[in-house]
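Novice: show me how the following folds:
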Amino acid sequence: MGTFFGSGGLPAAGCSIAALVVAVAFLVGCGADGNEADADAEPSPRMERVAVTLDGRPGAGNVGVLMADELGYFRDVGLDVWWGSPNWPSRPAAYVANRIDDLGLVQQPQFALAQEKGLPIVAVGSVMLAPTAVLMWPASSTMRRISDLDGRTIGIPGVTFQEAFLESVLSRAGLTIDDVTLKRVGYGLVPALISGKVDAIFGGTLNIDRVELDERGVDLTIPPIGALGLPPNEELLAIGRADSVAEDPRLAHRFMSAVIRGNAAAMSDPERAAEVIHEANPAVALGTQEAQVLATLPLLSTNGRTNPRQEGKLRAWMREEGMFE
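Specialist: Got it, this is the predicted structure:
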C-alpha cells in the first residue's frame with residue numbers, strides 16, 4: 001500500500017480495441033442489474049506486483065480498493081497491490097496508457113473521451129454505478145437558478161470532460177461557457193467554495209463534497225440532476241492497458257474480484273470502512289468520512305459488471321454534443 005503522486009502525458013498513438021472484445025467480455029460480463037457478487041478468483045501460487053492509480057484522493061468512492069488492501073483480499077488472489085492518488089484528477093487514464101500504472105479508476109465519460117482520442121485502454125469492471133457529480137453553490141447566494149450563473153466563477157476539478165459537460169448544462173439555461181469564468185481547482189473544490197474563490201462548483205459530488213459542506217454547516221442550492229440534462233453513466237470504472245489485458249485477462253479479473261469483496265466489506269461494516277479511509281486520508285474528519293461512506297454505499301457495484309447499453313448511449317450523446325471532435 002502507498003500513496004504516490006505521478007506525472008505523465010498522453011501517448012500519440014492509439015490501438016484497435018476490436019480484438020479485445022472476447023477478453024473484456026470475460027472480465028466485465030453484461031448488464032448492471034445483478035445483485036450477486038462474482039465468485040472469487042483462485043489464489044495465485046505467487047504474489048504479483050500491481051500498481052494502481054485511484055481516481056483521486058482516498059475516499060468513499062474508491063473504498064473497495066482500500067478495504068481489499070486492508071483486509072487482505074488482494075493477497076487472497078495473489079496480488080501485491082500498490083495504490084496511490086494521481087497528481088491531478090485528470091491523469092489516471094494517461095498513467096495506465098503510458099504504463100506508469102497497471103490499472104486505474106476513472107469516471108466513465110473520462111474513459112470514453114480518452115478511448116475515442118486513441119488511448120489504448122479498456123474497461124475491466126465497474127466499481128461505482130451511478131454518477132454523483134452535480135452543480136452546487138451556497139444557498140446564501142443571490143443565485144436561484146442556473147441562469148443566474150451568468151458572470152460568475154465556477155470551480156471544476158479539471159477532468160477533461162467536465163468543461164464540455166458544463167457547457168451542455170449552461171446551454172440548457174441559455175448561457176454559453178463564455179458567460180462564466182472557469183477555475184480548475186483540482187482537489188480543492190470545497191475550500192475554493194468556502195473561501196469565496198469561486199461562486200459555484202461543478203463536478204463536486206453528492207456523496208463526498210456535498211456531505212463535507214453539510215458537515216461544515218454550508219447550506220447549498222443544488223439543481224436536480226435531471227435538470228442538468230446529462231445522460232446516466234457509471235461513476236467509476238476500473239481500466240487497464242489494452243494489450244496488457246489481452247495478454248493476461250486473469251490479472252484484471254483477480255483485481256476486480258478483490259475490489260468487489262472490498263465493496264461488500266464496506267457495506268457490511270461502514271464504520272470500519274471510514275476508519276480505513278481516515279487512516280489513508282486523515283485530512284478529512286473521521287465523522288465526515290463516516291457520513292460520506294453511508295452516502296456512497298448504495299452506489300457501489302456488487303458484481304463488477306459494466307452496462308454496455310448505457311455506455312453506448314453515453315457515447316452517442318457525447319458525440320452529438322461534439323465532445324469527440
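
Novice: so which elements touch the lengthiest strand in the chain?
Specialist: The strand that spans the most residues within the chain, counting by DSSP state E, is strand 121-128. Applying 3 or more CB pairs under 8 Å, 6 or more residues apart in numbering; DSSP states H and E, one finds that strand 121-128 contacts helix 21-28, helix 92-97, helix 108-116, strand 236-241, helix 242-247, helix 249-268. Just so you know, the C-beta spots here come from the backbone N, C-alpha and C atoms, and that holds for glycine as well.

Novice: put together TSV for the ones you listed, with mean pLDDT on each row.
Specialist: As requested, the helices and strands packed on strand 121-128 are exported to TSV (pLDDT from 0 to 100):
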stretch	mean pLDDT
helix 21-28	38
helix 92-97	97
helix 108-116	96
strand 236-241	98
helix 242-247	98
helix 249-268	98
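
Novice: make JSON lines out of the ones you listed and add mean neighbour count and distance to Ile222.
Specialist: Output for those, formatted as JSON lines (neighbours: other CB atoms under 10 Å; distance: least, CB to CB, whole Å):
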{"stretch": "helix 21-28", "mean neighbour count": "18", "distance to Ile222": "32"}
{"stretch": "helix 92-97", "mean neighbour count": "28", "distance to Ile222": "26"}
{"stretch": "helix 108-116", "mean neighbour count": "23", "distance to Ile222": "20"}
{"stretch": "strand 236-241", "mean neighbour count": "28", "distance to Ile222": "21"}
{"stretch": "helix 242-247", "mean neighbour count": "18", "distance to Ile222": "38"}
{"stretch": "helix 249-268", "mean neighbour count": "23", "distance to Ile222": "25"}
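
Novice: go through the ones you listed and name the closest to Gly226.
Specialist: Of all the helices and strands packed on strand 121-128, helix 108-116 sits nearest to Gly226, with 17.4 Å by CB to CB.

Novice: quick check, pLDDT for Glu36.
Specialist: We note a pLDDT of 34 for Glu36 in this prediction.

Novice: also Ile225?
Specialist: 80.

Novice: next structured bit after the worst-scoring helix or strand of the chain on mean pLDDT?
Specialist: Every helix and strand in the chain was compared by mean pLDDT, DSSP states H and E; the lowest is helix 21-28, with a mean of 38. Per DSSP states H and E, the first helix or strand lying C-terminal to helix 21-28 is strand 48-53.

Novice: same for whichever helix or strand comes after that following strand, what does it pack against?
Specialist: Sequence-wise, the next helix or strand downstream of strand 48-53 (DSSP H and E) is helix 63-70. Helix 63-70 is packed against strand 79-84, helix 249-268, helix 270-280, with contacts defined by 3+ CB pairs under 8 Å, 6+ apart.

Novice: can you say which of these is nearest to Glu163?
Specialist: So among the helices and strands packed on helix 63-70, strand 79-84 is nearest, using CB to CB, at 25.8 Å.

Novice: CA atoms of that closest one as PDB?
Specialist: Taking only C-alpha atoms (Å, rounded to 0.1, in the frame of the first residue of the first chain), the coordinates of strand 79-84 have been written out as PDB:
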ATOM      1  CA  LEU A  79      -1.800  -9.700  -5.900                       C
ATOM      2  CA  ASP A  80       0.600  -7.400  -4.200                       C
ATOM      3  CA  VAL A  81      -1.200  -4.100  -4.900                       C
ATOM      4  CA  TRP A  82       0.400  -0.700  -4.600                       C
ATOM      5  CA  TRP A  83      -2.200   2.100  -4.900                       C
ATOM      6  CA  GLY A  84      -1.900   5.800  -4.900                       C
END
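
Novice: and the angle from it to helix 63-70?
Specialist: Taking axes from the mean of the first three to the mean of the last three CA atoms, to 10 degrees, one finds strand 79-84 and helix 63-70 inclined to each other by 130 degrees.

Novice: give me the sheet partners of strand 79-84 and which way each runs.
Specialist: Strand 79-84 has its sheet partners listed here by DSSP bridges as strand 48-53 (parallel).

Novice: can you list the weak-confidence ranges in this structure?
Specialist: Residue ranges of the chain with pLDDT under 70: 1-45.

Novice: fine, thanks again, bye for now.
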